[in-house]
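J.: Make a model of this:
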Amino acid sequence: MPFTYFIADIHLSAERDDITECLLTFLKQDAPQAEALYVLGDLFEFWLGDDDVTPLSERVASAFKALSATTPVYFIHGNRDFAIREGWT
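T.: Now for the predicted structure:
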């Protein structure tokens, strides 16, 4: 049976690498099995936008880009990540 994943309010930060690792594992192992993934905002605890390049944002962006090669990823802006441009995922 086809299914879709929805994730929201993860609030990734450099101080909580355990949450980041959990997300990266999910994006690599589980999310590719879905028909689509919807990210419903507030992916990062604090983020100015996709031009704010940090080691954390680069790791996460890379994982989303890899996933989007096979699985559609839809990003809905939250109040903490409103400056993300289309095509980031």
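
J.: Now do the helices in the chain.
T.: 17-25, 55-68 (DSSP state H).

J.: least reliable of these going by mean pLDDT?
T.: Mean pLDDT across those is lowest at helix 55-68; the value there is a mean of 93.

J.: any idea which of the helices of the chain is most buried?
T.: helix 55-68 (a mean of 16; mean count of other CB atoms under 10 Å). In short, each C-beta sits where N, CA and C put it, glycine included.

J.: which one of the helices of the chain lies closest to Ala34?
T.: Shortest distance between Ala34 and those, using CB to CB, is found for helix 55-68: 9.5 Å.

J.: any chance of the helices of the chain in a markdown table, with distance to Thr4 too?
T.: Below are those laid out as a markdown table (distance: least, CB to CB, whole Å):
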| stretch | distance to Thr4 |
| --- | --- |
| helix 17-25 | 17 |
| helix 55-68 | 13 |
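
J.: where does this structure have low pLDDT?
T.: Across the chain, residues meeting the criterion (pLDDT under 70) sit at 47-52, 79-89.

J.: Which one, of the helices of the chain, ends up nearest to Pro2?
T.: Among the helices of the chain, helix 55-68 sits nearest to Pro2 (CB to CB), with 16.7 Å.

J.: Packing partners of that closest one?
T.: helix 17-25 (3 or more CB pairs under 8 Å, 6 or more residues apart in numbering; DSSP states H and E).

J.: now what about the helix it packs on, what contacts it?
T.: Here helix 17-25 makes contact (CB atoms under 8 Å, 6 or more residues apart in numbering) with 7, 10-13, 56, 59-60, 63.
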